[in-house]
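J.: Sequence isn't available, so here's the structure alone:
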């Protein structure tokens with residue numbers, strides 16, 4: 001296969017492998033098991049006799065904590081030939097609960113091994129791998145962080161039962177563009193380039209990354225195979241439709257989060273004004289002035305609340321969501337919408 005025939009579809013047609021639906025189709029299916037094994041060995045730096053050679057996909061019996069939680073993770077769960085449990089998760093949006101949720105799912109996988117009458121010594125190590133499309137640790141510029149159980153002072157390991165990896169894709173992209181990575185020698189870098197090349201949320205494709213991937217794939221049979229699977233996924237009408245639907249849901253959820261943060265900021269501003277006025281009143285403002293200030297604050301609140309609603313309407317936020325965020329009735333919001341129109 002020549003470089004000219006490696007790509008069968010336009011660059012903009014490649015699906016984003018970081019969207020969980022596609023991630024599961026790519027790394028979490030029996031027919032792509034060989035891709036998953038290579039990827040896991042690259043992350044865990046396992047080679048030779050220590051390399052993972054065989055995996056079996058486990059049924060995911062760890063449901064969401066909430067019935068309506070569509071963002072529950074536990075994307076891929078496998079068991080290796082030496083009975084290691086490995087959970088791989090992909091996360092596009094920062095929900096600010098990554099650490100606690102990671103430990104929660106790790107503990108459920110680890111304790112699920114224990115059966116009645118079974119000794120604790122039989123519990124096997126459990127590894128969690130989190131791939132994040134956002135910055136998580138301000139303390140480091142490294143894109144790959146590993147956590148285990150260590151003594152705080154002497155730094156010796158207590159046990160190997162817990163192993164948690166975090167991979168921050170945006171840090172990886174930054175280091176790649178800064179030419180701080182040698183993808184010809186770093187196997188993990190090659191596979192992270194696959195994940196980094198397309199950013200569905202931004203509608204962006206990093207063509208420079210693709211060009212290097214194309215060159216690498218001509219000398220890496222496993223990477224070449226992954227390219228073929230990726231293109232087949234991108235061309236499948238069913239998979240592409242499911243991908244677009246999932247991406248839309250993720251984008252809608254991110255927009256709601258931004259709207260909620262905006263409302264919270266505005267409410268915080270109003271509360272700050274109220275507190276300031278109250279302090280002024282306590283210092284000797286006369287009752288008549290106090291009443292005037294309270295009326296002014298109320299008018300200001302109403303005006304600011306309307307401004308918030310108008311801004312949300314301009315963002316095409318649905319009326320029910322605005323009503324939930326602001327406390328206004330649907331009728332009041334519809335009236336403002338008519339004024340805006």
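T.: Nice, thanks for sending it over. Remember, predicted model here, so these are calculated numbers, not experimental data.
J.: Sticking with residue 117, tell me its helix or strand.
T.: Residue 117 belongs to no helix or strand when elements are defined using DSSP states H and E.
J.: repeat for residue 172
T.: Judged by DSSP H and E, residue 172 forms part of helix 169-177.
J.: Run through the helices of this structure in chain order.
T.: Here the chain has its helices, by DSSP state H, at 3-6, 20-27, 33-44, 98-111, 169-177, 187-196, 207-217, 221-235, 237-282, 287-314, 319-326, 330-340.
J.: ok, of the ones you listed, where does mean pLDDT dip lowest?
T.: Mean pLDDT is lowest for helix 3-6 among the helices of the chain, at a mean of 53.
J.: Low-confidence stretches in the stretch 1-150 of the chain?
T.: Confidence mapping of the stretch 1-150 of the chain against pLDDT under 70 gives the ranges 1-6, 60-74.
J.: mind running it again at 90?
T.: When residues are selected by pLDDT under 90, those of the stretch 1-150 of the chain lie in 1-12, 20, 47-50, 58-75, 82-83, 90-98, 101, 112-122, 134-135.
J.: the strands in it, which residues?
T.: Along the stretch 1-150 of the chain, counting by DSSP state E, counting those that start in this stretch, strands occupy 55-57, 76-80, 85-91, 126-132, 144-150.
J.: can you list the ones you listed in a markdown table and add distance to residue 228 and mean neighbour count?
T.: For every residue, glycine as well, the C-beta is placed using N, CA and C. Formatted as a markdown table, those follow (distance: least, Cβ to Cβ, whole Å; neighbours: other Cβ atoms under 10 Å):
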| stretch | distance to residue 228 | mean neighbour count |
| --- | --- | --- |
| strand 55-57 | 21 | 15 |
| strand 76-80 | 20 | 21 |
| strand 85-91 | 21 | 23 |
| strand 126-132 | 22 | 23 |
| strand 144-150 | 27 | 14 |
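J.: want to throw the ones you listed into JSON lines with distance to residue 120?
T.: What follows is the strands of the stretch 1-150 of the chain, written out as JSON lines (distance: least, Cβ to Cβ, whole Å):
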{"stretch": "strand 55-57", "distance to residue 120": "24"}
{"stretch": "strand 76-80", "distance to residue 120": "19"}
{"stretch": "strand 85-91", "distance to residue 120": "16"}
{"stretch": "strand 126-132", "distance to residue 120": "14"}
{"stretch": "strand 144-150", "distance to residue 120": "15"}
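J.: for those strands, which one sits closest to residue 200?
T.: strand 85-91 (11.9 Å; Cβ to Cβ).
J.: which residues are in contact with that closest one?
T.: With Cβ atoms under 8 Å, 6 or more residues apart in numbering as the contact definition, strand 85-91 has outside contacts at 18-20, 23, 27, 40, 55, 58, 73-80, 98, 102, 105-106, 109-110, 113, 124-134.
J.: ok, the residue at minimal distance from the centre of the chain to residue 107 distance?
T.: The centre of the chain sits closest to residue 91, judged by Cα atoms, centre = their mean, with a distance of 1.9 Å. Distance check for residue 91 against residue 107: by Cβ to Cβ, to the nearest Å, it reads 18 Å.
J.: And for residue 56?
T.: Distance, residue 56 to residue 107, by Cβ to Cβ: 22 Å.
J.: Check residue 234 too.
T.: Taken as Cβ to Cβ, the span from residue 234 to residue 107 is 37 Å.
J.: which one of those two has more residues nearby?
T.: Taking neighbours as other Cβ atoms under 10 Å, residue 234 and residue 107 compare with residue 234 leading, 20 against 12.
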